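[1] Task: produce atomic coordinates for the following.
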Amino acid sequence: MVDFDGQTAGDLVHRIQSTMPMDNPGTLNMATVTDIAAFILQSNGLPAGNTELPADPSAQTLVHFEAVKPGS
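    Model (predicted):
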């Protein structure tokens, strides 16, 4: 399992882009990779924003992950 605490949506997108699909990493286009990242975020209960997750990597760095600490 990867710990994304302190990382950005851009880091998640980059990881997906560089590792998927397993049999041919790096072949997915940015729109598909961004859709996969948005699906992962939604599936894990993160709140949706007012707009879609942008495919622009520089805009993805504006979304930061912060782990919820036990007892918080």
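
[2] gap between the residue sitting furthest away from the middle of the chain and Leu62?
    Within the chain, Gly71 marks the point farthest from the mean C-alpha position, 25.7 Å out by C-alpha atoms, centre = their mean. Counting by C-beta to C-beta, to the nearest Å, the gap from Gly71 to Leu62 is 29 Å. C-beta: built from backbone N, CA, C; applies to glycine.

[3] Can you list the buried residues in the one helix or strand in the chain whose mean pLDDT sits lowest?
    Using mean pLDDT, DSSP states H and E, helix 57-60 stands out as the lowest-scoring helix or strand of the chain, at a mean of 86. For helix 57-60, the neighbour count (16 or more other C-beta atoms under 10 Å) marks Gln60 as buried.

[4] Ok, stretch 44-56 next?
    Of the residues in stretch 44-56, Leu53, Pro54, Ala55 count as buried by neighbour count, 16+ other C-beta under 10 Å.

[5] what bits of the chain have low per-residue confidence?
    By pLDDT under 70, the weakly predicted segments of the chain are 1, 72.

[6] quick one, longest helix in it?
    Taking DSSP state H as the criterion, the chain has its longest helix at helix 30-43.

[7] Could you pull out the buried residues of that one?
    Residues of helix 30-43 classed as buried: Val33, Thr34, Asp35, Ile36, Ala37, Ala38, Leu41 (neighbour count, 16+ other C-beta under 10 Å).

[8] which one of the residues you listed is nearest Asp5?
    For these, the closest approach to Asp5 (C-beta to C-beta) belongs to Leu41, at 14.5 Å.

[9] mind checking how far the closest one is from Phe65?
    Note on Leu41: its distance to Phe65, by C-beta to C-beta, is 9 Å.

[10] where do the contact lists of the two overlap?
    Common neighbours of Leu41 and Phe65 (criterion: C-beta atoms under 8 Å, 6 or more residues apart in numbering): Ala9, Leu12.

[11] picking that back up, report the separation between the residue farthest from the centre of the chain and His64.
    Taking C-beta to C-beta as the measure, Gly71 falls 22 Å from His64.
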